[in-house]
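[1] from the sequence below, what's the structure:
(chains A and B)
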Amino acid sequence: MMSFLSYFISGVSLGSVYAIIALGYTMVYGIARMLNFAHGDIIMIGGFAIFTAVTTMGLPPLAGILIGVVVCTVLGVTIERVAYRPLREASSLAVLITAIGISYLLQNVALLIFGSNSHQFTSVVNLPNLVLADGRLNISSTTIVTILSCIVIMIALTTFINRTRTGQAMLAVSEDRGAASLMGIDVNKTIAVTFAIGSALAAIAGALLCSAYPSLTPYTGSMPGIKAFTAAVFGGIGSIPGALLGGIILGVIENLSKAYISSQLSDAIVFAVLIVVLLVRPTGILGRQINEKV
Amino acid sequence: MDAKRIRIQNGITYGMVIAFWAVIQIMDKTGNLSSLLKGLLVPLCMYAILAVSLNLTVGILGELSLGHAGFMCLGAFSGAFFTNCMETAMPSVGLRFFLALILGAAVAGVFGLLIGIPVLRLKGDYLAIVTLAFGEIIKNLINVMYIGRDASGFHFSNKDALSMGMDETGVVIVKGAQGITGTPRAATFTIGILLLLLTLFIVLNLMHSRTGRAIMSIRDNRIAAESIGINITKYKLMAFSVSAALAGMAGVLYAHSLSTLQATSNNFGYNKSILILVFVVLGGLGNMRGSIIAAVVLTALPEMLRGLNDYRMLIYAVVLIIMTIFNSSPKAIEMRSVVMDKIRHRKTAGKEAA
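    Residues are numbered from 1 along each chain as shown, chains lettered A, B, ... in the order given. This is a model prediction of the structure:
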């Protein structure tokens, strides 16, 4: 029972990381209608930025995270400006290919700077572990911090979107871009803000992910990126509570199947659950059904 | 397009492939073929087949699929399995390879059909992620699969070779993550080109047939197509499974060009599916000739840049981004047409002056 609980909690923690990454996917998809394939690689860049600040330059972890957030935000906005904005009116496939190009670019830049060897990431959380039930349940502090950060981010983001003018502008653009721009909303600025938020979250996700799984390579971000994207689709892409729900369910399923079924098949099981959910609910668990008009 | 123009266009495509074959043959005979290029020839054919077959799903049917590498993986493994199984029953490598091609295509096609029935109800990005998921599942399952054979028949396991409980005559054919070893390397450039021509023949004929027009009508407007009585499910499944079968065939070709076949994320992961999609999109949706050219150029480019070592993938990425923006951005298209108009204008002006 205790081992189940411990697998479950670390699953929720992994799921929280997926949820934070999935937020970036889901917001960008909801507002810009594009799959940002490079999002996973922004996580990796964030990880390397923090690694450089903390391990190489010896700064305190919080300063490292701050640097990571700044680097990723600037990077995200720049990518949007240079590569995605010229294709705003182009077909969604062209945007997808550009995003893939950006993904290759980020990976190879990281490869040139940091090499292909794996780097040992020091956890940004250095607190004692939480020991419960007479030592039978040992929860690492990274796990707790990850779950708490996810909750804080969710609350902050929901408040931001519902209570601020920029947040309302984001909702309006995701609803109807044309109508929003007629109402005087600067669509380009709103999309840039969305990329900034998504990329900042990616940096935080990078810090948490690398604290839990400390080996950092130029390809670190790509599989969690795909999984988080799966989580976003799973919960209903475009929906913020959906990203949270999808991320956590996915993380729990992945960890439990790793523990009880097969570690090699855990990815296959995650993807199989996704397929079943999408077949029953074609727009994800919390996704809106869109009726087709003739 | 009228029938005559279609025939000319198709002729150019076939001619291009045959000319490429001839040039390579001449280079080979005169000894101008570098060993680097020689090693690339079969992969070039394979990527061209994969790109043309994916173009059938993405360009003609209009559905985004990110699981093409999964079908290729199925074909590769069933083909290699067959070739290894029949080693004693059929000594001729050529015959085994030929039958393996048919079998690999059939297995991938059947899976395409089975996967397509539930999945093709989804649309757009949802379909894309589900096909990606299927590709990953196939790769993962093959990685834990063990198949062996002894005197009493076949044995399966999803754990390890020992748990199959075979007697001493037993031979392990599929070794989980170690894959299949010892497949004869029967794939040659000429066979690759023949398969590419066959793929082109199937896809081009399908495109310009009544069936192909029905498929394209679904792409252009599903509701309108349905209202004139086109059976959407049937045509979608047909295009999807033909595309899967051709990818399976490319997989068999791939399996017979290496002595060790493993299902890793490098050769059958979603990255491979994305790579093929890049060929299709840059070559032009629905344009088979473009797919082949893009596949050949983009496969050869990183190899030709080998001298630049670490920078080659960086250059590849930049070229990819710039090419897409130049091809698809509304501003770039406008700029291009302005420049073209000026050139044209100057020409006509020059003629008038003369």
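
[2] would you map the helices across chain A?
    Under the criterion DSSP state H, helices of chain A are mapped to A:2-32, A:39-51, A:61-79, A:92-114, A:141-163, A:165-175, A:177-182, A:187-212, A:222-235, A:240-260, A:266-280.

[3] chain center to the longest one, what's the gap?
    So the one you mean is helix A:2-32. Computed by Cα atoms, centre = their mean, to the nearest Å, the separation of helix A:2-32 from the middle of its chain amounts to 8 Å.

[4] so which elements touch it?
    In terms of contacts (3 or more Cβ pairs under 8 Å, 6 or more residues apart in numbering or on different chains; DSSP states H and E), helix A:2-32 is packed against helix A:39-51, strand A:137-139, helix A:141-163, helix A:165-175, helix A:187-212, helix A:222-235, helix A:240-260. Every C-beta, even on glycine, is put in place using the N, C-alpha and C of the backbone.

[5] for that helix, list every residue counted as buried.
    Neighbour-count burial for helix A:2-32 flags A:6-7, A:9-32 (criterion: 16 or more other Cβ atoms under 10 Å in any protein chain shown).

[6] again with stretch A:97-115
    By 16+ other Cβ under 10 Å, the buried positions in stretch A:97-115 come out as A:97-111, A:114.

[7] neighbours of residue 134, how many?
    In the absence of a named chain, this looks at chain A. Counted with other Cβ atoms under 10 Å in any protein chain shown, residues neighbouring A:D134 total 6.

[8] I was thinking of chain B, sorry if that wasn't clear
    Neighbour count of B:F134, defined by other Cβ under 10 Å: 23.

[9] just give the nearest non-adjacent residue to it, would you?
    Closest residue to B:F134 apart from its sequence neighbours, by Cβ to Cβ, 6 or more residues apart in numbering or on different chains: B:G67 at 4.7 Å.

[10] for stretch A:253-271, how far is the first residue from the last?
    One end of stretch A:253-271 to the other measures 10 Å (Cα to Cα, to the nearest Å).

[11] what sits up against the least confident helix or strand in chain A by mean pLDDT?
    Using mean pLDDT, DSSP states H and E, the weakest-scoring helix or strand in chain A turns out to be strand A:130-132, at a mean of 75. For strand A:130-132, the surrounding residues in contact (Cβ atoms under 8 Å, 6 or more residues apart in numbering or on different chains) are A:137-141, A:144.

[12] and of these, the nearest to B:T181?
    A:S140 (41.4 Å; Cβ to Cβ).

[13] surely the closest one meets A:N129?
    Yes. In this structure A:S140 lies within contact range of A:N129 using Cβ atoms under 8 Å: 5.1 Å.

[14] skipping adjacent residues, who's closest to B:L320 in space?
    Here the residue nearest B:L320, using Cβ to Cβ, 6+ apart, is A:G101, at 3.8 Å.

[15] who's in contact with the one you found?
    A:83, B:317-318, B:320-321, B:324.

[16] by neighbours, which of the residues you listed wins?
    B:T324 (27 neighbours).

[17] adding mean pLDDT, write the helices of chain A out as CSV.
    Below are the helices of chain A laid out as CSV (pLDDT from 0 to 100):
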stretch, mean pLDDT
helix A:2-32, 90
helix A:39-51, 94
helix A:61-79, 94
helix A:92-114, 89
helix A:141-163, 92
helix A:165-175, 91
helix A:177-182, 91
helix A:187-212, 93
helix A:222-235, 88
helix A:240-260, 92
helix A:266-280, 88
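
[18] ok, back up a step: what subset of the contacts of strand A:130-132 is buried?
    Counted by 16+ other Cβ under 10 Å, these give A:139-140, A:144 as buried.

[19] between those, which is closest to B:G109?
    B:G109 has its nearest neighbour among the buried ones among the contacts of strand A:130-132 in A:S140, at 48.5 Å by Cβ to Cβ.

[20] could you check how far the closest one is from chain B?
    28 Å (Cβ to the nearest Cβ, to the nearest Å).

[21] next: A:P282.
    Taking Cβ to the nearest Cβ, one finds A:P282 at 5 Å from chain B.

[22] what's the burial count for that residue?
    Applying other Cβ under 10 Å, we find 15 residues neighbouring A:P282.

[23] that one: what's its closest spatial neighbour, skipping adjacent residues?
    Leaving aside its sequence neighbours, A:P282 sits nearest to B:L122 (Cβ to Cβ, 6+ apart; 5.4 Å).

[24] I'd say the one you found and B:A133 touch.
    No. Contact criterion Cβ under 8 Å: B:L122 and B:A133 do not qualify, at 11.1 Å.

[25] which of the two has more residues huddled nearby?
    Under the criterion of other Cβ under 10 Å, the comparison of B:L122 against B:A133 puts B:A133 first, with 27 against 19.

[26] my read: the more buried one touches A:V276, true?
    No. The pair B:A133 / A:V276 is not scored as a contact, 10.3 Å apart, by Cβ under 8 Å.

[27] how about the residues of the stretch 1-150 of chain A that lie near chain B?
    Residues of the stretch 1-150 of chain A lying near chain B by Cβ under 8 Å from any Cβ of the partner chain: A:29, A:35, A:37, A:83, A:86-87, A:89-91, A:93-94, A:96-98, A:100-102, A:104-105, A:107-109, A:111-112.

[28] at 10 Å what do you get?
    Residues of the stretch 1-150 of chain A lying near chain B by Cβ under 10 Å from any Cβ of the partner chain: A:29, A:33-35, A:37, A:79, A:82-109, A:111-112, A:115-116.

[29] all strands of the stretch 1-150 of chain B, in order?
    In the stretch 1-150 of chain B, the strands defined using DSSP state E, counting those that start in this stretch lie at B:146-150.

[30] what does it put close to chain A?
    Within the stretch 1-150 of chain B, the positions adjacent to chain A are B:58-59, B:64, B:66, B:115, B:118-119, B:121-141, B:143-144 by Cβ under 10 Å from any Cβ.

[31] and for B:S209, the neighbour number?
    So B:S209, with other Cβ under 10 Å, has 11 neighbours.

[32] how close does it get to B:F240?
    The gap separating B:S209 from B:F240 is 17 Å, by Cβ to Cβ, to the nearest Å.

[33] now do B:W21
    Per Cβ to Cβ, B:W21 is found 30 Å from B:F240.

[34] more neighbours, these two?
    Comparing B:W21 with B:F240 by other Cβ under 10 Å, the one with more neighbours is B:F240, at 26 against 19.

[35] ok so, going back, any idea which of the helices of chain A gets closest to B:G284?
    helix A:92-114 (11.0 Å).

[36] tell me the helices in the stretch 201-350 of chain B, going along the chain?
    B:210-220, B:222-227, B:232-255, B:265-268, B:270-283, B:288-304, B:312-328, B:330-353 (DSSP state H, counting those that start in this stretch).

[37] would you mark the buried spots in the second one?
    The neighbour-count criterion (16+ other Cβ under 10 Å) identifies B:222, B:225 as the buried residues of helix B:222-227.

[38] the shortest one too?
    Judged by neighbour count using 16+ other Cβ under 10 Å, the buried positions of helix B:265-268 are B:265, B:267-268.

[39] fine, thanks again, bye for now.
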